[in-house]
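**Student:** Pasting the sequence and the predicted model now:
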Amino acid sequence: MDKKVNFIAMEEGTRNDYDLVFQHEAENGRNLLERILTWLKMMEGESPYKISRLEHVLQTATRAENDGADNETIVCALLHDIGDVLAPTNHSQIAAALLRPYVSDKNYWIVLHHGLFQGYYWMHHYDKDRDARDKLKDHPYYDACVKFCAHWDQVSFDPNYDTYPLEHFIPMLKEVFSKEPASFI
Ligand SMILES: [Fe+2]
Ligand SMILES: [Fe+2]
């Protein structure tokens with residue numbers, strides 16, 4: 001990038017400086033899809049499951065599609081574990097934050113809480129409360145998150161399931177990430 005801002009501290013910046021910064025950010029936004037695909041591909045490789053983490057999310061998205069989910073929901077199923085790459089202990093929050101400007105409140109809420117809801121399937125093996133998710137029982141999206149986990153997420157570790165490849169989902173990713181993003185600064 002040839003042009004640079006004139007400041008070395010933000011408080012000295014002018015409108016022209018920030019125009020340049022936001023121009024660059026817009027360019028960055030247009031490349032977001034490429035970076036998401038790169039990030040997804042980092043989920044390939046070794047895993048203790050019978051399939052890779054990438055195959056898990058592809059299978060989750062495939063099940064969502066086969067159940068007649070809309071494209072936005074399928075994309076959320078595809079990206080729900082993308083936080084694994086950078087934040088293994090709070091991966092749900094990373095995926096939810098990435099998706100939030102582009103998806104409904106409901107889909108955001110489901111992705112944000114899916115880690116807790118998935119705990120139903122493993123926590124009791126560690127003397128933890130598998131029903132910890134029930135503290136959210138009165139929330140309007142509670143049932144949808146239970147279903148997301150029961151029908152799409154927790155079952156998607158099957159090496160024999162007929163799973164669509166990543167390329168299949170690219171048009172849906174393009175559709176969702178070409179929306180004008182909402183701002184959550
Ligand atoms: Fe997850
Ligand atoms: Fe998952």
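**Tutor:** Structure's in. What do you need? Being a predicted model, the structure only gives us computed values, none of them experimental. Ligands and ions are numbered 1, 2, ... in the order given.
**Student:** Residue 78 reaches residue 59, doesn't it?
**Tutor:** No - using C-beta atoms under 8 Å, residue 78 makes no contact with residue 59, being 10.0 Å away. From N, CA and C alone the C-beta is placed, and that goes for glycine too.
**Student:** more neighbours, these two?
**Tutor:** Legend: neighbour count by other C-beta atoms under 10 Å for residue 78 and residue 59, higher for residue 78 (28 against 24).
**Student:** That one: which element?
**Tutor:** If you go by DSSP states H and E, residue 78 is part of helix 71-79.
**Student:** Counting by contacts, list what that helix packs against.
**Tutor:** Judged by 3 or more C-beta pairs under 8 Å, 6 or more residues apart in numbering; DSSP states H and E, the packing partners of helix 71-79 are helix 32-41, helix 53-66, helix 91-99, helix 105-118, helix 166-177.
**Student:** can you do 7 Å?
**Tutor:** If contacts are counted by 3 or more C-beta pairs under 7 Å, 6 or more residues apart in numbering; DSSP states H and E, helix 71-79 sits against helix 53-66, helix 91-99, helix 105-118, helix 166-177.
**Student:** surely residue 58 meets residue 163?
**Tutor:** Yes - using C-beta atoms under 7 Å, residue 58 is in contact with residue 163, at 5.0 Å.
**Student:** which one of these two has more residues nearby?
**Tutor:** Remark: of residue 58 and residue 163, residue 58 carries more neighbours, 24 against 20, as counted by other C-beta under 10 Å.
**Student:** what sits against the more buried one?
**Tutor:** 163-164, 166 (C-beta atoms under 7 Å, 6 or more residues apart in numbering).
**Student:** for ligand 2, what are the nearby residues on this protein?
**Tutor:** Proximity of the chain to ligand 2, by C-beta under 5 Å from the ion, involves residues 81, 153.
**Student:** can you rerun that using 6 Å?
**Tutor:** 56, 60, 80-81, 153 (C-beta under 6 Å from the ion).
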